[in-house]
Every structure is written in C-alpha cells, then in structure tokens.
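>>> Any chance you can model this:
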Amino acid sequence: MLDLYRYLEAGQMNISNLVLSCYHRIGMTDKELLLYLQLSYDAQKGDFFPDLAEVGERMGEKQDTVFQLVQSLISKKVIAIKTQKNAEGKTQDAYDLTLFFQKVAYYFEQVEQQQQQQEKKNDVRELYQRFEKEFSRPLSPIEIETIGMWLNEDKYSVELIQLALREAVLNQAYSLKYIDRILLAWERKNLKTKDQVQKDQLRRREQIQDQTVQEDEQLPEVPLYNWLEPDKNGRG
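Modelled structure (predicted):
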C-alpha cells in the first residue's frame, strides 16, 4: 500500500481548469493532452527532452505512437523543439512547452472578441427597435441606411445615438434630420460619450440659471433646445 510519505515525496503537478475546459477546442486530443502533461512532468524534473520510449511506457503507448503524437503537437503549434545550451555550455534539444499557453490565451481572446461582436450586434438591433418604438412605426429603408451611416461611417456610438434620440423625443421631433443635427452639434463640441454630453447639458442649465439670477426678473419657462434652429434658442 502506498504510504503518505511516498505520495507527498513524488510531488504534484498543477493544471489550470482553463486547460481542461478548452484543450479540445484548440484542437488537442485526449492522448495529446496526456503527452503534454508527461512532457511537463519530465521538464519539472529537469529533463527537457525525454526519451519517447520511456514516455510511451508511462502512457501505455508504443514509441512510434508517441512520436506521431509529438509531431501532431508540433504541427498544431502546441509545442516546439528548440536548441539551447545546458549548464556545461553544450547545445541540446528541448521541448518548448510555452506555446501551449499562448494557444490557450489566443483561444480565449477569440472567444472574448466573438462575445463583444455579438454584444455589438445585439446593441445595434436594439437601437433600430428603439427607433421604431419611439416613432411608433417601422423605419423606412432610407432611415435604416442613415442610422447605419451614423454607426459605420460617422462612428457614432450606439449610446450616443440613443441619447440623441431621447433628446429628439423630448422635443417631440420625430425626425432623423433633427437627430442628425444633434449629433453634429455634439461632434463640433467634441462630445463623444454619454457622460460628456450630460456634463455639457448640466453646464448649459447652470448658465441659464445664472443668467436668470443676474437679470433678477421672472423669466418664462425655458423651452427645450431647438436643434434645427439653434439661432432661435433663448430668444423671446
């Protein structure tokens, strides 16, 4: 029976759960993963280019089979063979096992990019739906094209377009031309985010309040900002 001392003395190998969850997705088979772990085991002991016959014996595989697995891992760029100098200054071959982690990292980068692209598609779809909801009608082909130009050519963010739509609705102006004027006005002020726009709106309201105090008279209720005719804003 294996005693605890021998068990602890043999050491342990840690493997990330990320590896177990994605090794199939980066193109590795079960046997290739086992081989990689065997090579990692030898590397921990200081043997960076182990005898494949010994590796095969531990795996229960023939040497030729292990050799084919090694070639497969190399072709998949999971491992590589490099030449390096040992402590005595002599050159020797060694398995580079770091490519595996690069492969895993690249996989998760791709997954994240795909998720971001999907989220962007969802945001764009919801943007069109929001326009139709606020306008209480389907968008025309020209309107769909205009919104697409805002996104793809003018590079306005979905968030900024939504904010401009809200501004138009508050002014009861259900027109893309009106919304375009809003977006252009913000662009001239270099306002590119929701936070920047809200700060600018707050600053404008504070200026109006200050003007009210200075004039020391009862002014009528401040009308909503007219984006189509900005020169008329503030006139009586």
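
>>> Let me see the domain layout of the chain.
Taking automatic domain parsing as the reference, the chain has its domains at 4-97, 119-232.

>>> can you redo these as TSV with mean pLDDT and mean neighbour count?
C-beta: built from backbone N, CA, C; applies to glycine. Listed next are the domains of the chain as TSV, based on pLDDT from 0 to 100; neighbours: other CB atoms under 10 Å:
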stretch	mean pLDDT	mean neighbour count
domain 4-97	90	14
domain 119-232	88	14
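
>>> Distance to Tyr107 added to those, as JSON lines?
Shown next, in JSON lines, are the domains of the chain (distance: least, CB to CB, whole Å):
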{"stretch": "domain 4-97", "distance to Tyr107": "5"}
{"stretch": "domain 119-232", "distance to Tyr107": "19"}
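
>>> quick one: which of the ones you listed is nearest Lys103?
domain 4-97 (5.1 Å; CB to CB).

>>> so which of the domains of the chain gets nearest Glu112?
Nearest to Glu112, of the domains of the chain and by CB to CB, is domain 119-232 at 10.5 Å.

>>> Measure how far that closest one is from the centre of its chain, please.
Once both centres are worked out by CA atoms, centre = their mean, to the nearest Å, domain 119-232 turns out to sit 28 Å from its chain's centre.

>>> Quick check: Gln12 is in a strand.
No - counting by DSSP: H, G, I helix; E, B strand; the rest coil, Gln12 is not found in a strand; it is coil.

>>> how far away is it from Gln44?
Distance of Gln12 to Gln44, given as CB to CB, to the nearest Å: 10 Å.

>>> What of Ser136?
Ser136 is 68 Å from Gln44, by CB to CB.

>>> now the helices: where do they sit in the protein?
4-9, 17-22, 30-44, 52-59, 63-75, 99-135, 141-152, 158-170, 176-188, 194-215 (DSSP state H).

>>> so which of the ones you listed gets nearest Glu88?
Closest approach to Glu88 among the helices of the chain (CB to CB): helix 30-44, 18.6 Å.

>>> Just give me how far the closest one sits from the chain centre.
Using CA atoms, centre = their mean, the offset of helix 30-44 from its chain centre is 31 Å.

>>> who touches that helix?
For helix 30-44, the external contacting residues (CB atoms under 8 Å, 6 or more residues apart in numbering) are 11, 13, 15, 19, 23, 28, 48, 50, 55, 58-59, 61, 66, 69-70, 72-73, 76, 78-79, 95, 97, 100.

>>> For Tyr106, which of the domains of the chain is the nearest?
The nearest among the domains of the chain, by CB to CB, is domain 4-97 at 8.2 Å.

>>> how far out from the middle of the chain is the closest one?
Here domain 4-97 shows a centroid-to-chain-centroid distance of 32 Å under the convention CA atoms, centre = their mean.

>>> Going forward, the N-terminal residue is numbered 30.
Got it, first residue is 30 now, which makes that one domain 33-126.

>>> Compute the number of surrounding residues for the nearest residue to Lys106 once chain neighbours are set aside.
Nearest non-adjacent residue to Lys106, counting by CB to CB, 6 or more residues apart in numbering: Leu128, 5.7 Å away. Close neighbours of Leu128, defined as other CB atoms under 10 Å, add up to 16.

>>> quick one: Asp93 from Trp179, how far?
Taking CB to CB, one finds Asp93 at 62 Å from Trp179.

>>> phi, psi of Asn115?
Phi and psi for Asn115, reported as degrees, to the nearest 10, are phi -90, psi -170.

>>> Likewise for Lys91?
phi -70, psi 160.

>>> again with Ile55
Per degrees, to the nearest 10, the backbone of Ile55 is at phi -100, psi 10.

>>> Then His53?
Dihedral angles (degrees, to the nearest 10) for His53: phi -70, psi -40.
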